[in-house]
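Student: Below are the sequence and a predicted model; questions follow.
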Amino acid sequence: MSETQKLTLPVVRMARDNDEFRKVIWTGGNAQLVLMAIPEGGEIGGEVHEGHDQLLYFVAGSGVAKIGETELDVADGDVSIVPSGTFHNFRNTGSGMLKLFTTYSPPEHEAGTEHATKAEADADE
């Protein structure tokens, strides 16, 4: 998929319609917008981004966010904030996909990156 050049997007609808693990939809010089879909029982995977702040906006499903030493439930309408250098993981604990869009500042992934599954994403890193 080529990234969009549009500067206004129906991002909640796009995130709810997305079934790919990761789909980068816009990359600028200082920020990036990415759609994600985590299957039942799946997770993003524990990680730390040095030099990148991340915000995750949940639009469907439910799960558990681990940010640093804190674990909290997340669901449609919640946002999780992950400051640079903080360990984090997000698990889908509900039925159906956990869907979200996320922003990275600065960009974390190559422009146009798409991964249908977590396994595909892991193999690409």
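Tutor: Everything's here; your move.

Student: and residue 64, what is it in contact with?
Tutor: For residue 64, the contact set (C-beta atoms under 8 Å, 6 or more residues apart in numbering) comprises 71, 72, 73, 74, 90, 91, 93. C-betas here are computed from N, CA, C, even on glycine.

Student: beta partners of it?
Tutor: residue 73, residue 91 (DSSP bridges).

Student: so how far is residue 72 from it?
Tutor: Counting by C-beta to C-beta, to the nearest Å, the gap from residue 64 to residue 72 is 7 Å.

Student: can you check residue 53 too?
Tutor: With C-beta to C-beta as the criterion, residue 53 and residue 72 are 18 Å apart.

Student: neighbour-wise, which of the two wins?
Tutor: residue 53 (16 against 11; other C-beta atoms under 10 Å).

Student: my read: that one touches residue 107, true?
Tutor: No: Residue 53 is not in contact with residue 107 according to C-beta atoms under 8 Å; the separation is 11.5 Å.

Student: Would you double-check that residue 26 falls in a helix?
Tutor: No: in this structure, residue 26 is strand, not part of a helix, as judged by DSSP: H, G, I helix; E, B strand; the rest coil.

Student: excluding its backbone neighbours, what's nearest it?
Tutor: Nearest residue to residue 26, sequence neighbours excluded (C-beta to C-beta, 6 or more residues apart in numbering): residue 33, at 4.4 Å.

Student: Could I have the CA atoms of the helix or strand containing the one you found written out in PDB?
Tutor: Residue 33 belongs to strand 32-38 when assigned by DSSP states H and E. The C-alpha coordinates for strand 32-38 follow below in PDB (Å, rounded to 0.1, in the frame of the first residue of the first chain):
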ATOM      1  CA  GLN A  32       3.700   8.700  11.900                       C
ATOM      2  CA  LEU A  33       0.200   7.300  11.900                       C
ATOM      3  CA  VAL A  34      -0.300   3.500  11.900                       C
ATOM      4  CA  LEU A  35      -3.300   1.200  12.000                       C
ATOM      5  CA  MET A  36      -3.100  -2.000  14.100                       C
ATOM      6  CA  ALA A  37      -5.300  -5.100  14.600                       C
ATOM      7  CA  ILE A  38      -4.500  -7.600  17.300                       C
END
